[in-house]
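Novice: Here you go, sequence then predicted model.
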Amino acid sequence: MPSSRPAKIAVIGSGLMGSALARAFAAAGHDVAVWNRTSSKASAVGGGTVAFESLTKAVSGRELVVVSLSNYAASFEVLSAPGVAAALSGTTLVQLTSGSPSDARAGLAWAKEHGVDYLDAAILAYPSFVATDYATVYYAGSRPVFDRHADTLQSIAKNSVYVDEKIGAAATLDCAILEAYYGGSLAFLHAAAMCKAEGLDPKAFFAQKNSFLGLISVTADAAQGMIEKNDFTGDQCSLNTHVAAIEHIVRLSQDARISARFPKELLDNYKRAVSVDLGSQELPAVFRTLTQD
């Protein structure tokens, strides 16, 4: 959907994600300049964008500059090129390069030093999802700066979520969601491997997807309230009972001669909580041991 006012935007980086972002901005009616170290990649973006060989010229006079590079080191290297910081002065830099909260803080420090408004952002989407209902972008930084560009930023994701004034907040939330995703993915892949090793068609396990997703959802809801109250008592299922269940999973894995590394790691974390007298409390009590050195 086009925003109410066309904006002058530059996108730094013409990889798969950068190209998708640039085309989405252009499709929404914005004036989009693109730049890449390899100029042929910038020229190949198309979709109504204009490629520049000079980064300084690409970002000059742009109200919004979006960076989408492989990492923050590459971003700092590009932004430190002669004349770039001066050309960016007075504009808003949106850092969409994946990184950590400490990277975001370093980015903000650089921006303040050079008179640049700064938003740190994290996109939860594949390039093909950009500008669809499946894309979410999290933003952190100055709320007034975000609000000033909110309509324009919806060109790449209608679900544009302002997280917090703390500049590392978007990266923190992104890492948290991805950890849950990667950890959960490894868990269900290991579960499928257990089934196959025991001669059970993994399809039987995947057919029960709603069962294990439902358990995760119920536990997450319970954990939220318990963490807020710092109270992990309950009468549903003690941590001791969960530890016993995980021990069965470790045995099955060992008996079936598949990797037991993942369930052993689970067991170690849960047993650590039991060792500090949390065994009679509910499963989310493990949180207490994860927030300690």
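Specialist: Looks like it arrived, so ask away. Numbers count the residues shown, from 1 in each chain.

Novice: what about residue 39, how many neighbours?
Specialist: 15 (other CB atoms under 10 Å). Where you see a C-beta, it was placed from the backbone N, CA and C, and this is true even at glycine.

Novice: any idea how far it is from residue 207?
Specialist: According to CB to CB, to the nearest Å, residue 39 and residue 207 sit 51 Å apart.

Novice: Can you show me the helices along the stretch 51-200 of the chain?
Specialist: 55-59, 72-79, 84-88, 101-113, 143-153, 169-197 (DSSP state H, counting those that start in this stretch).

Novice: which of the ones you listed sits most buried?
Specialist: Highest mean neighbour count among these (mean count of other CB atoms under 10 Å): helix 55-59, with a mean of 20.

Novice: any idea of the pLDDT on residue 80?
Specialist: Residue 80 carries a pLDDT score of 94 in this model.

Novice: Torsion angles phi and psi at it?
Specialist: Note on residue 80: backbone dihedrals following degrees, to the nearest 10 are phi -90, psi 0.

Novice: residues in contact with residue 252?
Specialist: 194, 198 (CB atoms under 8 Å, 6 or more residues apart in numbering).

Novice: Check residue 11 too.
Specialist: Contacts of residue 11 by CB under 8 Å, 6+ apart are 18, 21, 22, 25, 32, 33, 34, 35, 49, 65, 66, 68.

Novice: ok, the third one touching residue 32?
Specialist: Pointing back at residue 22 there. Yes - contact criterion CB atoms under 8 Å: residue 22 and residue 32 qualify, at 5.3 Å.

Novice: Give me the nearest residue to residue 250, chain neighbours excluded.
Specialist: residue 263 (4.7 Å; CB to CB, 6 or more residues apart in numbering).

Novice: did I read that right, the one you found in a strand?
Specialist: No - counting by DSSP: H, G, I helix; E, B strand; the rest coil, residue 263 falls outside a strand, being helix.

Novice: got a list of what it touches?
Specialist: Applying CB under 8 Å, 6+ apart, we find residue 263 in contact with 190, 246, 249, 250, 253.

Novice: Please identify which pair of these lies farthest apart.
Specialist: The distance between the two most remote of these (CB to CB) is 12.1 Å, for 190 and 246.

Novice: Dump the helices of the stretch 51-200 of the chain into JSON lines; add distance to residue 217 as well.
Specialist: Formatted as JSON lines, the helices of the stretch 51-200 of the chain follow (distance: least, CB to CB, whole Å):
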{"stretch": "helix 55-59", "distance to residue 217": "44"}
{"stretch": "helix 72-79", "distance to residue 217": "34"}
{"stretch": "helix 84-88", "distance to residue 217": "44"}
{"stretch": "helix 101-113", "distance to residue 217": "27"}
{"stretch": "helix 143-153", "distance to residue 217": "30"}
{"stretch": "helix 169-197", "distance to residue 217": "12"}
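
Novice: which one's the longest strand in the chain?
Specialist: Longest strand in the chain by number of residues, with DSSP state E as the criterion: strand 117-124.

Novice: what angle sits between it and helix 169-197?
Specialist: Using axes from the mean of the first three to the mean of the last three CA atoms, to 10 degrees, the inter-axis angle of strand 117-124 relative to helix 169-197 is 10 degrees.

Novice: And strand 117-124, what does it pack against?
Specialist: strand 92-95, helix 101-113, strand 136-141, helix 143-153, helix 169-197 (3 or more CB pairs under 8 Å, 6 or more residues apart in numbering; DSSP states H and E).

Novice: State the paired neighbours of that strand in the sheet, together with their directions.
Specialist: Using DSSP bridges, the strands paired with strand 117-124 in its sheet are strand 92-95 (parallel), strand 136-141 (antiparallel).

Novice: which residues touch the shortest one?
Specialist: I take that to be strand 92-95. Here strand 92-95 makes contact (CB under 8 Å, 6+ apart) with 63-67, 72, 75, 104, 107, 111, 116-121, 139, 145, 148-149, 153.

Novice: switch to 7 Å and redo it
Specialist: 63-67, 75, 107, 111, 116-121, 145, 149 (CB atoms under 7 Å, 6 or more residues apart in numbering).

Novice: Send me that strand as PDB with only the CA atoms.
Specialist: What follows is strand 92-95, C-alpha atoms only, in PDB (Å, rounded to 0.1, in the frame of the first residue of the first chain):
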ATOM      1  CA  THR A  92      17.600   9.000   9.600                       C
ATOM      2  CA  LEU A  93      19.600   5.800   9.400                       C
ATOM      3  CA  VAL A  94      17.700   2.600   9.800                       C
ATOM      4  CA  GLN A  95      20.000  -0.300  10.500                       C
END
